[in-house]
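Asker: The following block contains a protein sequence and its predicted model.
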Amino acid sequence: MRIAVDALGGDGAPGEIVSGAVSAASRLGEDEIVLVGDEPGIQAALGDSPMPDNVSIRAASGRIEMADDPAAALRSNPESSISVAAKMIRDGEAEALFSAGSTGATVGASLLIVGRLESCRRPAIATVIPFPDPVLLVDAGATISCRARDLLNFAILGSVFADRYREESAGPVRTGLVNVGEEPGKGNELAKEAYGLLADCGEIEFVGNVEGREIGRGVADVLVTDGFTGNVVLKTAEGVSSEILGMVRSEMTGGPLQKLAAAVLKPRLGKIKYRVDPENYGGSFLLGVEGTVVIGHGNSRARGVENALLGISRAGSGLPESLEAALRRGEVPSGVTGDGAGEL
């Protein structure tokens, strides 16, 4: 598989992006990496390090900044690094894309240049929430306004992706719908209509509604919701994790007893910190487009970039084709639109 990497996307570009790509190259086997961006800048970031055999450079003349309006920037700068990387997928020169740049620009380039899967009306961002039992959240922010049929699509996309990405021994993928109560009749019209579609879909193992307090308890492997709610859930989980770790560190500073306790617990706390570090998951997959697209954190460092590229390789070749086939099998039954009053 050939992976196009937006070398100019993100706060640490191009240095951190190039460093992470080079680190990943030796672990990717036969997969190739194409660094897309300013060639002199990429060469400077390489420094004295030799270019691995499975890494090459594709020139691009500009970058889209985080503060730029994505649609306007894509139109005015068709040779930006993210645009060139997306064109590589469209033209069959690459199968996957990674960018730690503007999420809006990456989603926009994926839709406008790469294109959606035929059976998917709206794309979804699938991201891992690192609870003790990690859960895949779909959608984490790509589609703010959803219809029930979109949530059905998200459930199928997430289930197929999780099945490919997880260990083979993990068992069937359980899918839940984020809601304000466990009972089928709870929630707004969107949630009620989506519940019926998910319950009737033979492509997923639907476990019902999942309340916010149950998200981290391992009741489902994939959680489905609209992009607005999903982004709030994700940011809340990240914020709470960070604050709790900060509170623990604060309580372990001070007198001799606190320092002794800190010395004893430090290895254990280090494991917890490592588990909830977003860098270990690298990025989020944009599902529903004609290519494998991964969006990294804007502040991604080399380790995060490396893990994102390894994650792309782990998901494997042919992901869009598998998603399209599952979407076709799980189409809304004739006479049921899933496009009713549930739209937010």
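Answerer: It's in. Numbering: from 1, shown residues only.

Asker: quick check: longest helix of the protein.
Answerer: Longest helix in the chain by number of residues (criterion: DSSP state H): helix 227-251.

Asker: pLDDT averaged over whatever helix or strand comes next after that one, what's the number?
Answerer: Sequence order places helix 256-276 as the next helix or strand after helix 227-251, per DSSP states H and E. Mean pLDDT, helix 256-276: 75.

Asker: Could you list the low-confidence segments of the protein?
Answerer: Along the chain, the model assigns pLDDT under 70 to residues 167-169, 273-276, 278, 333-344.

Asker: Show me where it has its strands.
Answerer: For the chain, the strands defined by DSSP state E occupy 2-6, 32-37, 55-59, 96-99, 124-129, 135-138, 174-178, 205-210, 222-224, 283-287, 292-296.

Asker: Next, count neighbours for residue 261.
Answerer: 12 (other C-beta atoms under 10 Å). For the C-beta atoms, the positions are set from N, CA and C on the backbone; glycine is no exception.

Asker: how close does it sit to residue 122?
Answerer: 50 Å (C-beta to C-beta, to the nearest Å).

Asker: And for residue 317, the neighbour number?
Answerer: Neighbour tally, residue 317, other C-beta under 10 Å: 15.

Asker: Nearest residue to residue 133 in space, ignoring adjacent ones along the chain?
Answerer: residue 218 (3.5 Å; C-beta to C-beta, 6 or more residues apart in numbering).

Asker: tell me the angle of the longest helix of the chain relative to strand 124-129?
Answerer: Interaxial angle of helix 227-251 relative to strand 124-129 (axes from the mean of the first three to the mean of the last three C-alpha atoms, to 10 degrees): 20 degrees.

Asker: which residues touch helix 227-251?
Answerer: When contacts are defined by C-beta atoms under 8 Å, 6 or more residues apart in numbering, helix 227-251 is touched by residues 124-125, 127, 129-131, 137-146, 178, 212, 215-216, 223, 225, 258, 269, 272-273, 276, 278, 344.

Asker: Can you mark which positions in that helix are buried?
Answerer: For helix 227-251, the neighbour count (16 or more other C-beta atoms under 10 Å) marks 227, 229-231, 233-234, 237, 241 as buried.

Asker: Please state the offset of that helix from the chain centre?
Answerer: 18 Å (C-alpha atoms, centre = their mean, to the nearest Å).

Asker: could you give the angle of that helix to strand 283-287?
Answerer: Using the same axes, to 10 degrees, the inter-axis angle of helix 227-251 relative to strand 283-287 is 170 degrees.

Asker: all numbers from here: first residue = 54
Answerer: New numbering, starting at 54: the last item is helix 280-304.

Asker: Which one, of the strands of the chain, ends up nearest to residue 240?
Answerer: strand 258-263 (7.2 Å; C-beta to C-beta).

Asker: Name the nearest residue to residue 315, ignoring sequence neighbours.
Answerer: residue 305 (3.8 Å).

Asker: In this structure that neighbour contacts residue 317, no?
Answerer: No. Between residue 305 and residue 317 there is no contact under C-beta atoms under 8 Å: 9.8 Å.

Asker: Neighbour count: the two, which is higher?
Answerer: Here residue 305 and residue 317 are compared on neighbour count by other C-beta under 10 Å; more neighbours surround residue 305, at 18 against 11.

Asker: for the more buried one, what are its contacts?
Answerer: 311-312, 314-315, 318.

Asker: so what's the residue sitting nearest the centre point of the chain bridging to?
Answerer: When C-alpha atoms, centre = their mean is applied to the chain, the residue found nearest the centroid is residue 337 (1.2 Å). Note on residue 337: beta-bridge partners by DSSP bridges are residue 348.

Asker: Would you check that it makes contact with residue 348?
Answerer: Yes. Counting by C-beta under 8 Å, residue 337 touches residue 348, with 5.1 Å between them.

Asker: Return every residue with contacts to both of these two.
Answerer: What both residue 337 and residue 348 touch, as defined by C-beta under 8 Å, 6+ apart, is the set residue 178.

Asker: now the most far-flung residue of the chain relative to its centre: how far from residue 297?
Answerer: Using C-alpha atoms, centre = their mean, the residue of the chain lying farthest from its centre is residue 309. It sits 43.4 Å away. Note on residue 309: its distance to residue 297, by C-beta to C-beta, is 24 Å.

Asker: likewise residue 371?
Answerer: 40 Å.

Asker: returning to that earlier point: most neighbours among the contacts of residue 305, which one?
Answerer: Ranking the contacts of residue 305 using other C-beta under 10 Å puts residue 315 first, with 16 neighbours.

Asker: Please report how far it lies from residue 321.
Answerer: 11 Å.

Asker: nearest residue to residue 380 other than its sequence neighbours?
Answerer: residue 172 (3.7 Å).

Asker: Hmm, residue 385 and that neighbour touching each other?
Answerer: No. Using C-beta under 8 Å, residue 172 is not in contact with residue 385, being 10.4 Å away.

Asker: State the distance from the closest residue to residue 105 other than its chain neighbours to residue 187.
Answerer: Distance criterion C-beta to C-beta, 6+ apart; nearest residue to residue 105, sequence neighbours excluded, is residue 78 at 4.0 Å. Distance, residue 78 to residue 187, using C-beta to C-beta: 26 Å.

Asker: quick one: contacts for residue 275?
Answerer: 188-189, 191, 208, 211-212, 215, 226-229.
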